[in-house]
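**Q** Just to be clear, the model below is a prediction. Sequence and coordinates:
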Amino acid sequence: MNPHKLAFTRVLPASELPPNAKKPLSIEGKAILLCNVNGQLHAISNVCSHNDKPLERGRLGNGWIACPTHGARFDLATGNALCLPATKPIATYEVRVVEDWIEVLV
């Protein structure tokens, strides 16, 4: 069996992440930020690609999150940097809901 095979990890009851909320998690040693924006779930790296600071205190917008340190914005679906000072994307992870539990593919 390949120890590096990706698998969904059950992380949180769906009821614990209401709309427009975020939840920082550590899954398989990765700092991940789970976001619920207008009922759409996203899992992204919780580390800004510009300055390695946590994104968990950042402002959520319509499909994006802004880094609280310098204001760089990232697309929640793709991880792409949307404005300076960030130029590199952040990691994104597949999310699903199974039996009212949020699961993230890591």
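**A** Noted; the coordinates are in hand.

**Q** mind listing what residue 55 touches?
**A** By Cβ atoms under 8 Å, 6 or more residues apart in numbering, the contact list for residue 55 reads 33, 44-48, 65, 67-68, 74, 90. C-beta: built from backbone N, CA, C; applies to glycine.

**Q** again but with residue 96, I slipped
**A** 8, 102-103, 105.

**Q** which SS class is it?
**A** strand (DSSP: H, G, I helix; E, B strand; the rest coil).

**Q** roughly how far apart are it and residue 21?
**A** Relative to residue 21, residue 96 is positioned 18 Å away (Cβ to Cβ, to the nearest Å).

**Q** same check, this time on residue 12
**A** 11 Å.

**Q** could the contacts of residue 55 go into a markdown table alongside distance to residue 82 and secondary structure?
**A** Shown next, in a markdown table, are the contacts of residue 55 (distance: Cβ to Cβ, whole Å; DSSP: H, G, I helix; E, B strand; the rest coil):
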| residue | distance to residue 82 | secondary structure |
| --- | --- | --- |
| 33 | 16 | strand |
| 44 | 13 | strand |
| 45 | 15 | strand |
| 46 | 17 | coil |
| 47 | 17 | strand |
| 48 | 12 | coil |
| 65 | 10 | strand |
| 67 | 11 | coil |
| 68 | 15 | coil |
| 74 | 6 | strand |
| 90 | 11 | coil |
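
**Q** For those residues, give me CSV that also has pLDDT and neighbour count.
**A** CSV is the format used below for the contacts of residue 55 (pLDDT from 0 to 100; neighbours: other Cβ atoms under 10 Å):
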residue, pLDDT, neighbour count
33, 98, 22
44, 98, 25
45, 98, 19
46, 98, 23
47, 97, 19
48, 97, 24
65, 98, 26
67, 97, 25
68, 96, 15
74, 98, 28
90, 98, 24
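
**Q** between these, which is nearest residue 26?
**A** Nearest to residue 26 out of those is residue 46 (Cβ to Cβ; 8.8 Å).

**Q** Ramachandran angles for that closest one?
**A** Dihedral pair for residue 46: phi -90, psi 20, per degrees, to the nearest 10.

**Q** please begin residue numbering at 34 from this point
**A** Sounds good: first residue 34 from here, last item residue 79.
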